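# mind looking at a prediction? Sequence and model below.
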Amino acid sequence: MIVVRRPRDEEELAALVREAGGQGAPLTIEGGGTRKGLGRPVNAGIAVSTGAMSGITLYEPAEMVIGARAGTPLAVIEAALAEKGQMLGFEPPDFRRLYGTDGTPTIGTVAAGNLSGSRRLWGGACRDSLIGVRFVNGTGEIVKSGGRVMKNVTGLDLVKLQSGAWGTLGVLTEVIFKVVPRPEMTETLVIEGLSEARAIEAMSAAVGSPFEITGAAHLPGLDGTPPRTMLRIEGFAFSVNYRTGALAGLLRPFGALGRLDAPEAEALWHDVSDGALLAEPRDRAIWRLSVKPGEAAAAVAAIRATRQATAFYDWAGGLVWLATPETGDAGAAVIRQAARQASGYATLLRASDGLRAEVPVFEPEAAPIAALNRRIKASFDPEGLLNPGKMHAGL
Amino acid sequence: MGAIAFPTPQAEILARRESLLAGLAALLPPECLITSEDERRAYETDAFTAYRRVPMAVALPRNTAEVSAVLAYCHEQGVPVVPRGAGTSLAGGAIPQEDAVVIGVSKMNRILEIDYANRFARVEAGVTNLAITNTVSAEGFFYAPDPSSQLACTIGGNIGMNSGGAHCLKYGVTTNNILGVTLVLVDGTVVEIGGPAMDAPGYDLLGLVCGSEGQLGIITEATVRILRMAEGARPVLFGFPTSEQAGEAVAAIIAAGIVPVAMEFMDKPAIEICEAFAKAGYPMDVEALLIIEVEGSDSEMDATLARIVAIARAHGVKTVRESKSAMETAAIWKGRKSAFGATGRIADYICMDGTIPTGQLPYVLRRIDEIVKHYGLRVANVFHAGDGNLHPLILYNVNDPGEAEKAEEAGNDILKLCVEVGGCLTGEHGVGIEKRDLMHHQFNRVDLQQQLRVRAAFDAQWILNPAKVFPLDGRAA
């Protein structure tokens, strides 16, 4: 039986953490609960929800910066930004369809997971947009790092460290992001029928052009549809019109470029960013591979040589989404070997609780990095109270 | 000058100098170890020249293995180590101490791999910032961060300080453009963090190392992101009757959804100094000058600039000069880029580096003026207007013993002001020794102790660049 505690502010949260420390009671940390299947299962009797710490604390459109309490729904942030013609630059994914969860994604969990969607290719990752945090560490202290200005090199950058630490180094209470203008126009161009290797060459040519491609994905004929290579260009209309023409010329050797209707394109980019294309059937394990883009197709081919796998590509090949039956180790050994071969690594994004307890969810750490990470963990959370074991045993 | 304290050199280490030099000599060939006083003196300071300390020895290893051997030895011997790139730090980040070994990366200057299809370059830490761009520019690529010292500064130093530049409004700073590093830990262990993939697994050690000012390890190699250059770039010069109007125009441009690649601001004293030196044709009848640069094809630049000019006109701009040729572009940038050099010709100066929320600009400029006047000095302001990164240049006369100290005090007051209005002590130069004792103005005790504990996870004995970043007192974690 898990008790859910919902502190109303960071003082209450800090007291709660100190109390848990006194009892030696580990805590699992959650925002909207939409990514409950992500990470190794945490064995804790108390769940801390940030949901009651909500609200935008700062929004200066002219400074391109927004701050909010961790439990603020992502939708609230996005609506406030849209009203002023702005958006988050990294297209945060929404994993509700992938995990079959409901609830509301919160801005704190977006920051803690450092998860980025298709626009990461041009706009950088979540951690690149995150410029300030406040958090409660494992001894119940309230700590701040970074701030509200986008150029800041004062002291150690604990902001980056928190982004992607999944709450193991502190419970985020407030986050500050830099934001970007919402494009006046978006155009998605499509080439049909390319092989995976050829598609990656096409995407590489596009991304290596001066046309600022904000999305480059390849869907190799999922559900029997013809393979589609999608390229997104955004900006002012005069710019998008010019660039789509220039890009079509550049990519002529790869075939004719069609264009997707705006509503279809928007839905499809969501499906890509959210991994929703692989959501069904639900009994398959889902992997995300971050690799050298040019070697992505070879990595997938190597995996397919040993087991059934369905895959698609984002970030011009730099990100591979892959679904495979949850048999044996769900392909962990062969998938990680293939990812390493392609200068990258793999994360087991979705699998049953049992499998996630057995197979490392996050890429196993090299020995000296593992030792360093444990010392870092101890510097924030010496008792190991916060999401213990979520990333790695002992972390 | 002299208000910034250095730790007393450890007599116990100085007493072992001969044996330590012999130990280092066993690890490095003679041309990689500097021990004579004359040659060591070349390493006594960096670009923060008011402070100097001659190091005990200078090691210039040729590769990661030699860095590892030297670091392991110093760690075992308990000898402080000061990492050094090109020594261009404006904050004293590379200033040694008498009981320290400087480890310089200048001999590690090879470009190891360039991969255009995957858009990265792998280089040794001593490669200069500009050398990366120069190497890839024939293929139409560039490395984005462009600190003013880019001709001399190294990528290792850039990562240590998380360097910025004039174009980071669009392209980000160093931490946004690095994919991986080879890092030698204090005990000589070599770790690989990240690589050619777009992100790395686990805790973001790359993000932590970026801007850590040589306190967590020594970077020997880096994998950096290279980008395709825009088709063209064109600056426009705007002269405004007041700083307020210039600031409002910047806000309106951003509100219109335009993010120019650079927006540089100069106030009247800066305009006068730069014009006298560079003869760039800057208007002399305005209080504030903006250089705004956009990128794209000719037609895209025409259209973007038309929007920007319209906004500037709506905010009372007095002079608009659009570059029509490469020569005009060079002239427009020449004045701004020579701001520090031109200032150096007429006076001694210290260059500050705080960042403020841009909405506070008019208030902060007014207060800076008051602060500097209070000390009986003059100031010229140049800064990156899009991101609020200020560079007030405080002018003084080094031969007047009182003035140097006054300039330092005025600088400190300005940085405190930056923090007070919601900004920070340093936007791109780093803390070094210069701002070390101001850290408690930005961070409370708990914040600082958390940083110190993280630092201790890498270097529990304070071997690496020990007198930097954190106030000398209150260091026990």
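Thanks, I have it.
# and whichever strand or helix holds B:Val320, what does it pack onto?
Following DSSP states H and E, one finds B:Val320 within strand B:319-322. In this structure, strand B:319-322 packs against strand B:233-240, helix B:298-314, with contacts taken as 3 or more CB pairs under 8 Å, 6 or more residues apart in numbering or on different chains; DSSP states H and E. Where C-beta positions appear, they are placed from N, C-alpha and C, glycine not excepted.
# please repeat the previous calculation with a cut-off of 10 Å.
Under the contact criterion of 3 or more CB pairs under 10 Å, 6 or more residues apart in numbering or on different chains; DSSP states H and E, strand B:319-322 touches strand B:233-240, helix B:298-314, helix B:326-337.
# how about the shortest one, does it get close to chain A?
No - using CB under 10 Å from any CB of the partner chain, strand B:233-240 stays clear of chain A, coming no nearer than 10.8 Å.
# packing partners of that strand?
Helices and strands touching strand B:233-240, as assessed by 3+ CB pairs under 10 Å, 6+ apart, comprise helix B:243-255, strand B:262-267, strand B:288-295, helix B:298-314, strand B:319-322, helix B:326-337.
# quick one: mean pLDDT for it?
Averaged across strand B:233-240, pLDDT comes to 95.
# given that strand, what are its sheet partners and their directions?
strand B:288-295 (antiparallel), strand B:319-322 (antiparallel) (DSSP bridges).
# can I get that strand as PDB, trimmed to CA atoms?
Taking C-alpha atoms only, strand B:233-240 is exported to PDB below (Å, rounded to 0.1, in the frame of the first residue of the first chain):
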ATOM      1  CA  ALA B 233      24.600  37.200 -42.900                       C
ATOM      2  CA  ARG B 234      24.000  40.900 -42.900                       C
ATOM      3  CA  PRO B 235      24.100  43.500 -40.000                       C
ATOM      4  CA  VAL B 236      22.200  46.700 -39.700                       C
ATOM      5  CA  LEU B 237      23.300  49.600 -37.600                       C
ATOM      6  CA  PHE B 238      20.600  51.500 -35.600                       C
ATOM      7  CA  GLY B 239      21.200  54.800 -33.700                       C
ATOM      8  CA  PHE B 240      18.700  55.700 -31.000                       C
END
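# rewinding a little: just name the most buried of the helices and strands packed on strand B:319-322.
Neighbour counts (mean count of other CB atoms under 10 Å in any protein chain shown) averaged over each of the helices and strands packed on strand B:319-322 peak at strand B:233-240, with a mean of 23.
# mind putting the helices and strands packed on strand B:233-240 in CSV, mean pLDDT and distance to B:Arg16 included?
Listed next are the helices and strands packed on strand B:233-240 as CSV, based on pLDDT from 0 to 100; distance: least, CB to CB, whole Å:
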stretch, mean pLDDT, distance to B:Arg16
helix B:243-255, 93, 56
strand B:262-267, 94, 50
strand B:288-295, 96, 54
helix B:298-314, 97, 63
strand B:319-322, 94, 63
helix B:326-337, 87, 47
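# all strands of the stretch 301-450 of chain B, in order?
Under the criterion DSSP state E, counting those that start in this stretch, the stretch 301-450 of chain B contains strands at B:319-322, B:348-351, B:378-384, B:389-396.
# can you tell which of the ones you listed is closest to A:Arg6?
Nearest to A:Arg6 among the strands of the stretch 301-450 of chain B is strand B:389-396; the distance by CB to CB comes to 39.4 Å.
# now do the strands in the stretch 251-395 of chain A.
Ranges of strands within the stretch 251-395 of chain A are A:258-259, A:284-290, A:310-314, A:319-325, A:345-350, based on DSSP E, counting those that start in this stretch.
# how about those strands in JSON lines, adding mean pLDDT, mean neighbour count and distance to B:Leu452?
Formatted as JSON lines, the strands of the stretch 251-395 of chain A follow (pLDDT from 0 to 100; neighbours: other CB atoms under 10 Å in any protein chain shown; distance: least, CB to CB, whole Å):
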{"stretch": "strand A:258-259", "mean pLDDT": "96", "mean neighbour count": "12", "distance to B:Leu452": "55"}
{"stretch": "strand A:284-290", "mean pLDDT": "98", "mean neighbour count": "23", "distance to B:Leu452": "32"}
{"stretch": "strand A:310-314", "mean pLDDT": "98", "mean neighbour count": "24", "distance to B:Leu452": "39"}
{"stretch": "strand A:319-325", "mean pLDDT": "98", "mean neighbour count": "24", "distance to B:Leu452": "36"}
{"stretch": "strand A:345-350", "mean pLDDT": "97", "mean neighbour count": "24", "distance to B:Leu452": "31"}
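# could you point out which of those sits nearest A:Arg96?
strand A:345-350 (12.2 Å).
# does the residue of the stretch 1-150 of chain A found nearest chain B count as helix, strand or coil?
The minimum distance from the stretch 1-150 of chain A to chain B, using CB to the nearest CB, falls at A:Ala62 (3.7 Å). Following DSSP: H, G, I helix; E, B strand; the rest coil, the label given to A:Ala62 is helix.
# how many residues are close by it?
A:Ala62 is flanked by 17 other residues according to other CB atoms under 10 Å in any protein chain shown.
# which residue packs closest to it, ignoring adjacent ones?
Excluding the flanking residues, the one nearest A:Ala62 by CB to CB, 6 or more residues apart in numbering or on different chains is B:Ala251, at 3.7 Å.
# just to check, the one you found is in contact with B:Gly359?
Yes - using CB atoms under 10 Å, B:Ala251 makes contact with B:Gly359 at a distance of 7.3 Å.
# can you list the strands of the stretch 251-395 of chain A in TSV and add distance to chain B?
Formatted as TSV, these follow (distance: least, CB to the nearest CB, whole Å):
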stretch	distance to chain B
strand A:258-259	20
strand A:284-290	5
strand A:310-314	10
strand A:319-325	7
strand A:345-350	4
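# mind putting those strands into JSON lines with distance to B:Cys153?
JSON lines is the format used below for the strands of the stretch 251-395 of chain A (distance: least, CB to CB, whole Å):
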{"stretch": "strand A:258-259", "distance to B:Cys153": "44"}
{"stretch": "strand A:284-290", "distance to B:Cys153": "30"}
{"stretch": "strand A:310-314", "distance to B:Cys153": "35"}
{"stretch": "strand A:319-325", "distance to B:Cys153": "33"}
{"stretch": "strand A:345-350", "distance to B:Cys153": "31"}
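# and of the ones you listed, who's closest to B:Glu18?
It is, among those and with distance given as CB to CB, strand A:345-350, at 47.7 Å.
# only alpha carbons, please: show the closest one as PDB.
Extracted C-alpha coordinates of strand A:345-350, given in PDB (Å, rounded to 0.1, in the frame of the first residue of the first chain):
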ATOM      1  CA  TYR A 345      23.300   3.700 -26.200                       C
ATOM      2  CA  ALA A 346      19.800   2.300 -25.600                       C
ATOM      3  CA  THR A 347      17.100   2.900 -23.000                       C
ATOM      4  CA  LEU A 348      14.300   0.400 -22.300                       C
ATOM      5  CA  LEU A 349      11.500   2.900 -22.300                       C
ATOM      6  CA  ARG A 350       8.600   0.500 -21.800                       C
END
